[in-house]
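> Provided below for reference: sequence and predicted model.
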Amino acid sequence: MGDLERLRRRFVAVAAALGLTSLALIVYLLWPGSSRSAQQQEKDTLQKQSLELQREVAEWENSNPEKTRADLKLLYTQVPTRYSQISQRMEKLFQESGVNPSASIKYSADSSEKTDLPDVQRIKVDTTVTGDYVKVARLINAMEQDPLLFVIQKISLSNQTEGGGVALQISFETFLKGAA
């Protein structure tokens with residue numbers, strides 16, 4: 001009887017060890033992130049991050065801080081110091097493109113918004129012009145290419161019944177030096 005009892009204990013011990021091993025394997029296989037698809041997805045994500053970081057490093061290596069500083073100085077010298085300079089530039093653009101201003105130019109200074117340039121304030125401008133479609137498109141193009149830096153935020157184009165022209169209501173931002 002003693003041998004049978006010893007054999008039973010060994011059998012229970014081996015069965016318990018096998019049961020624990022099976023349980024550990026099941027937990028390992030069902031653990032989140034241990035599946036092949038999860039591992040492949042993680043690998044893809046890490047490869048994308050690696051490529052993005054390599055691109056950023058290449059940008060930093062190819063950057064020219066002296067040229068950037070010179071470009072910022074040039075930009076800063078082109079920022080107007082008076083509202084009248086903005087108005088004069090807008091009137092010149094209106095005239096060159098052949099549109100007719102139908103309303104005054106409205107300015108609103110946003111003193112709460114910070115800019116990256118010292119002593120420079122962001123100015124919001126709203127105005128309306130009329131003319132044929134080609135002239136209005138020419139005005140938008142001229143504003144986008146102007147060295148005074150007009151950042152167009154919103155345009156609204158409506159059909160004019162008189163003469164077949166269109167009315168352009170435009171909202172944009174520019175900058176004013178020394179106003180902050």
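Noted; the coordinates are in hand. Everything numeric here is computed off the predicted structure, so don't read it as measured data. Residues are numbered from 1 along each chain as shown.

> residues near E66, how many?
8 (other CB atoms under 10 Å). Where you see a C-beta, it was placed from the backbone N, CA and C, and this is true even at glycine.

> For G131, which non-adjacent residue is closest in space?
Closest residue in space to G131, ignoring its immediate chain neighbours: V99 at 3.7 Å, by CB to CB, 6 or more residues apart in numbering.

> the domain parsing of the chain - what is it?
2-62, 80-177 (automatic domain parsing).

> which one of these is the most hemmed in?
domain 80-177 (a mean of 15; mean count of other CB atoms under 10 Å).

> Please compute how far it lies from its chain's middle.
Relative to its parent chain, domain 80-177 has a centroid offset of 23 Å by CA atoms, centre = their mean, to the nearest Å.

> mean confidence score for it?
For domain 80-177, the mean pLDDT works out to 85.

> What is the end-to-end distance of it?
The first and final residues of domain 80-177 sit 6 Å from each other (CA to CA, to the nearest Å).

> And the strands in the chain, which stretches?
Taking DSSP state E as the test, the strands found in the chain are 100-101, 106-109, 120-131, 151-159, 166-177.

> In a markdown table: those, plus distance to L51.
Converted to a markdown table, these look like this (distance: least, CB to CB, whole Å):
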| stretch | distance to L51 |
| --- | --- |
| strand 100-101 | 50 |
| strand 106-109 | 43 |
| strand 120-131 | 35 |
| strand 151-159 | 31 |
| strand 166-177 | 35 |
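
> R82: which of those is closest?
strand 166-177 (7.7 Å; CB to CB).

> what's the spacing between A58 and L51?
11 Å (CB to CB, to the nearest Å).

> again, but for F150
36 Å.

> And L4, by the same measure?
Distance from L4 to L51, by CB to CB: 67 Å.

> How about K67?
For K67, the distance to L51 equals 26 Å [CB to CB].

> Likewise for E61?
16 Å.

> now swap in V57 and tell me
11 Å.
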